[in-house]
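Trainee: sequence plus the predicted model coming up.
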Amino acid sequence: MSRERIPIGADHAGFELKARLTAELERLGYEVEDVGTHSATSTDYADYAHPVAREVETGEARRGVLICGTGLGMSYAANRHPGVRAAVVWSQEIAALARLHNDANVLVLPARFVSAEQGVDILKTWLDTPFEGGRHERRIEKIERKEEE
């Protein structure tokens with residue numbers, strides 16, 4: 001059985017946290033695709049959000065992880081891709097709810113607002129929490145469907 005591949009990307013603000021999460025994902029047995037950035041030099045978050053989101057959109061990856069200073073820029077860019085539900089998460093409780101109720105398939109972490117330890121705990125919760133389905137499936141379908149004009 002092949003290991004799940006998870007693409008991960010970060011801008012300069014998330015560079016250090018990305019390294020820690022990459023190591024944790026590998027320790028947990030995931031195959032990690034690091035799309036960058038590879039230094040703390042200033043970069044643009046969209047350059048990393050789009051490649052990760054594109055892999056989730058096309059089904060090349062089931063889930064992805066993004067990190068920037070607030071998480072907002074990454075989520076804006078990633079959520080432009082059909083089928084991507086990128087959730088900005090700052091606690092384990094939000095991580096669980098993002099999976100349970102929203103079937104979030106891209107985890108977005110705000111590196112300036114969570115510690116490395118918190119980031120690892122959030123990641124593990126997000127990875128281990130299944131989608132609850134039921135009434136939430138109808139809501140997910142409505143996210144994907146554009147309102148008729």
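Mentor: Arrived safely.
Trainee: look at the nearest residue to Val84 once chain neighbours are set aside and give its secondary structure.
Mentor: Among residues not flanking Val84 along the chain, Ala53 sits closest, at 4.8 Å (C-beta to C-beta, 6 or more residues apart in numbering). From N, CA and C alone the C-beta is placed, and that goes for glycine too. At Ala53 the chain is in helix, as set by DSSP: H, G, I helix; E, B strand; the rest coil.
Trainee: quick one: neighbours of Ala53, just the number.
Mentor: Using other C-beta atoms under 10 Å, Ala53 is surrounded by 29 other residues.
Trainee: how far away is it from Thr129?
Mentor: To Thr129, Ala53 is 20 Å away according to C-beta to C-beta, to the nearest Å.
Trainee: quick one: least confident helix or strand in the chain?
Mentor: Within the chain, confidence by mean pLDDT, DSSP states H and E is lowest for helix 135-144 among all helices and strands, at a mean of 89.
Trainee: these two touch, right, the residue nearest to Val84 and Ala86?
Mentor: Yes - with contact defined as C-beta atoms under 8 Å, Ala53 and Ala86 form a contacting pair (6.8 Å).
Trainee: overlap of the contact sets of those two?
Mentor: Ala78, Asn79, Val106 (C-beta atoms under 8 Å, 6 or more residues apart in numbering).
Trainee: just give the number of residues close to the first one.
Mentor: Counted with other C-beta under 10 Å, the burial measure for Ala78 works out to 28 neighbours.
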